[in-house]
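Colleague: One predicted model, sequence on top.
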Amino acid sequence: MHEMGICQSILDASFEAAEAEGATRIKEIRISVGELTEVVDFALQFAFESLSPGTLAEGGKLVVNRIPAKSRCPSCGTEFEHDRFETTCPECGNPFNENIAGRELLIDSVDVEKDD
Ligand SMILES: [Zn+2]
């Protein structure tokens, strides 16, 4: 399950950000995941539940924002959303299109708590 590795990377980056701020706890980590990444939400949540106890993120939340896959047709210039398998241009039928969204895997924000 590659979500474990992905989640660990997300946590590592979040710990770094939290420690830089002098935070004592991570309340929420918001990430964006493109539909083409093959990352499964529940597997990611499971990974978070398994990896966060005993860390700054214990009891925190992982919020996943899914980004739809999108491509641009080089023939007619149409931009369209599509699923993982069907990427043909809906306007002209061109099957060879340039992917412009859906491969994202990034941290949007890390919400932390500090001791006063
Ligand atoms: Zn087209």
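Modeller: Ah, there it is.
Colleague: ok, then the element right after the longest helix out of those in the chain?
Modeller: Longest helix in the chain, counting residues (DSSP state H): helix 3-20. Downstream of helix 3-20, the next assigned helix or strand under DSSP states H and E is strand 25-34.
Colleague: Residues touching that following strand, excluding its own?
Modeller: Identification of contacts with strand 25-34 by C-beta atoms under 8 Å, 6 or more residues apart in numbering yields 10-11, 14-15, 18, 39, 41, 44, 56-67, 69, 101-113. For the C-beta atoms, the positions are set from N, CA and C on the backbone; glycine is no exception.
Colleague: following that strand, which helix or strand comes up?
Modeller: Beyond strand 25-34 toward the C-terminal end (DSSP H and E), the next one is helix 41-51.
Colleague: Would you mind pulling up the elements that that following helix packs against?
Modeller: helix 3-20, strand 61-67 (3 or more C-beta pairs under 8 Å, 6 or more residues apart in numbering; DSSP states H and E).
Colleague: any chance of the ones you listed in TSV, plus mean pLDDT?
Modeller: Formatted as TSV, the helices and strands packed on helix 41-51 follow (pLDDT from 0 to 100):
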stretch	mean pLDDT
helix 3-20	96
strand 61-67	97
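Colleague: Just tell me which of those ends up closest to the ion.
Modeller: Shortest distance between the ion and the helices and strands packed on helix 41-51, using C-beta to the ion, is found for strand 61-67: 21.8 Å.
Colleague: And for Ser71, the neighbour number?
Modeller: 21 (other C-beta atoms under 10 Å).
Colleague: Once you drop chain neighbours, what's closest to Thr107?
Modeller: You called it Thr, but residue 107 is Ile. Distances taken as C-beta to C-beta, 6 or more residues apart in numbering put Ile31 closest to Ile107, at 5.3 Å, once the chain neighbours are dropped.
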